[in-house]
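Novice: Need a 3D model of the sequence below.
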Amino acid sequence: MAAVADNTPDVLLDRITPDGARDDSGVGGVTALLTLRDPKRRNAMSRALSDALVAVLDEVEADERVHAVVVTGAADRGPAFCAGGDLDELAAVGATTGQDGEEAIRGVYAGFLRLAACPLPTIAAVDGPAVGAGINMALAADIRLAGDTAHFEPGFLRLGIHPGGGMTWMTQRLVGPQTTLAMLLAGEAMDAAAAERAGLVLRRVPGEVPDQGHSPVVTEALRMAGFSARAPRDLVRATKASIRTTATLTEHADAVSTEVGPQLTSLRSSAFREGLERLRRRS
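Specialist: Below you'll find the model as predicted:
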């Protein structure tokens, strides 16, 4: 885990084995557990935190041992995923003019845009509030899980801010236009149960957040990510790439064509031969 000063925005990195233990052995596939940490601002998305997230994602993608990514928030003062954008920074951005303002706000967005572009499977484990840009962070992940304390609050119009970071696009694709309009124009917030019903999260994971150790939702996210950590990394990446490609296709035949090449590659791999041998031994 990275060492940080108490009030320094950072992203902590742990490598977790499929069995749920921290691991620095250098052997076998692992999940990268990324923990947003800015205790002074309850993990609000600042330029510093965004830059730290980009740097950590660059590191884990270059690490051949990392097969999946879980993102959560540090609970220094109670459960918190990401309490929105740093309001002082946003006010400073609003005071700038021209290209400088656009570049500054894109810098704040860079962290969750980098997460959205990650070629590895990503899971957001949400404990506590996800406000404004914090919802964007959750939406940028492939899969979202919500602990009992999770709370999704758009917050933009209440503060007189237009939604940003692609929230109008991401939310509509996930929950449809009506729920998006309710969230962004009627201030509709969601607890974990409501987020599950709306399809904003895959499911709610009940249980209290402990004083030490992983919360139930982080534990479940790591369990799910462990499935990819046990599989060949190239196969995991290729499968996610195919899912992204076929999402935009309209013809079944085109989807088959997309999958043929990667499937043939996997059938010729040592991992398939070993898996087939294990299956034959059990039969």
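Novice: can you give me the strands in the stretch 101-250 of the chain?
Specialist: 122-126, 129-131, 143-147, 151-153, 190-191, 203-205 (DSSP state E, counting those that start in this stretch).
Novice: Can you tell me which of the ones you listed is nearest to R230?
Specialist: R230 lies closest to strand 122-126 among those, at 15.2 Å (Cβ to Cβ). Any C-beta I mention is one placed from the backbone N, CA and C, and that applies to glycine too.
Novice: Do a quick rundown of the helices in this protein.
Specialist: Using DSSP state H, the helices found in the chain span residues 47-62, 87-94, 98-116, 133-140, 167-185, 192-198, 216-229, 233-246, 252-267, 270-282.
Novice: any chance of these in JSON lines, plus distance to V69?
Specialist: Formatted as JSON lines, the helices of the chain follow (distance: least, Cβ to Cβ, whole Å):
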{"stretch": "helix 47-62", "distance to V69": "6"}
{"stretch": "helix 87-94", "distance to V69": "25"}
{"stretch": "helix 98-116", "distance to V69": "8"}
{"stretch": "helix 133-140", "distance to V69": "11"}
{"stretch": "helix 167-185", "distance to V69": "18"}
{"stretch": "helix 192-198", "distance to V69": "21"}
{"stretch": "helix 216-229", "distance to V69": "7"}
{"stretch": "helix 233-246", "distance to V69": "11"}
{"stretch": "helix 252-267", "distance to V69": "21"}
{"stretch": "helix 270-282", "distance to V69": "21"}
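Novice: Roughly how far does the nearest residue in space to H151 that is not next to it in sequence sit from D63?
Specialist: Using Cβ to Cβ, 6 or more residues apart in numbering and skipping residues adjacent in sequence, the residue nearest H151 is P129, 4.8 Å away. With distances taken as Cβ to Cβ, to the nearest Å, P129 is found 31 Å from D63.
Novice: beta partners for T72?
Specialist: With DSSP bridges as the criterion, T72 is bridged to T35.
Novice: Need the contact partners of the lowest-mean-pLDDT helix or strand in the chain.
Specialist: One helix or strand of the chain scores below all others by mean pLDDT, DSSP states H and E: helix 87-94, with a mean of 82. Contact with helix 87-94 is made by 44, 46-47, 101, 104-105, 108, 159, 161, as judged by Cβ atoms under 8 Å, 6 or more residues apart in numbering.
Novice: Using CSV, list the CA coordinates for stretch 188-207.
Specialist: Presented in CSV, the C-alpha positions along stretch 188-207 are these (Å, rounded to 0.1, in the frame of the first residue of the first chain):
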residue,chain,number,x,y,z
GLU,A,188,-33.8,12.3,-7.2
ALA,A,189,-31.2,10.8,-4.9
MET,A,190,-30.9,7.0,-4.4
ASP,A,191,-29.9,4.8,-1.5
ALA,A,192,-28.4,1.4,-2.1
ALA,A,193,-31.8,-0.3,-2.5
ALA,A,194,-33.2,2.3,-4.9
ALA,A,195,-29.9,2.2,-7.0
GLU,A,196,-30.3,-1.6,-7.2
ARG,A,197,-34.0,-1.3,-8.4
ALA,A,198,-33.1,1.3,-11.0
GLY,A,199,-30.2,-0.7,-12.3
LEU,A,200,-27.6,1.9,-11.4
VAL,A,201,-25.8,-0.8,-9.5
LEU,A,202,-25.6,-4.5,-10.1
ARG,A,203,-26.7,-5.3,-6.5
ARG,A,204,-26.7,-4.1,-2.9
VAL,A,205,-24.3,-5.9,-0.6
PRO,A,206,-25.6,-5.8,3.0
GLY,A,207,-23.5,-5.6,6.1
